[in-house]
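Visitor: Show me how the following folds:
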Amino acid sequence: MTFPGMWIVYKFGRRQVLLYGAIVMFTGQIIVGAIGTALPGQEVSGKVLIAFSCIFVAGFATTWGPVVWVVCGETFPTRMSAKCVTLATASNVRPKDSGLSLSDLEASLIFPSPPSPLSF
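Guide: Residues are numbered from 1 along each chain as shown. Model prediction:
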């Protein structure tokens, strides 16, 4: 779905694609939450949850997913673009054998774990 998404960005522009993608993903998640709460354990709710989860994934894969790569490529000056996109891609990759990625490491350093388990 990435290549159709890039064509959609080229055809309609980033702003419209991001707005419509956000609306599709928001709608999918609201319906999943509402049906999952209102009709727990019913057969029809399971089918609706699967259908709208697929709609959410399709909305992300055709809008927000590819736009990130377009924005990364256009953010930096032309002479530095290749190196900067390489660094952006490398910071997004999760090592295969490790449970942590660079982003997870950064988050754990910035937001350390609480000293005791949280209870509500």
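Visitor: drop to CA atoms for contacts and neighbour counts, all remaining ones
Guide: OK.
Visitor: average pLDDT for the strand or helix carrying T37?
Guide: For T37, the host element (DSSP states H and E) is helix 14-38. Confidence for helix 14-38, expressed as mean pLDDT, is 91.
Visitor: which parts of it are buried?
Guide: Within helix 14-38, the residues scored as buried using 16 or more other Cα atoms under 10 Å are 14, 17-18, 21-22, 24-25, 28-29, 32, 35-36.
Visitor: Return the list of helices and strands in contact with it.
Guide: Helix 14-38 sits against helix 43-59, with contacts defined as 3 or more Cα pairs under 8 Å, 6 or more residues apart in numbering; DSSP states H and E.
Visitor: How far off centre is the helix or strand following the helix it packs on?
Guide: Sequence order places helix 65-75 as the next helix or strand after helix 43-59, per DSSP H and E. With Cα atoms, centre = their mean, to the nearest Å as the basis, helix 65-75 stands 13 Å off its chain's centre.
Visitor: Run through who's touching helix 65-75.
Guide: Residues from elsewhere that reach helix 65-75 (Cα atoms under 8 Å, 6 or more residues apart in numbering): 2-3, 5-6, 9, 14, 18, 81-82, 84-85, 88.
Visitor: buried sites along it?
Guide: Result for helix 65-75 [16+ other Cα under 10 Å]: buried residues 65-67, 69, 72-73.
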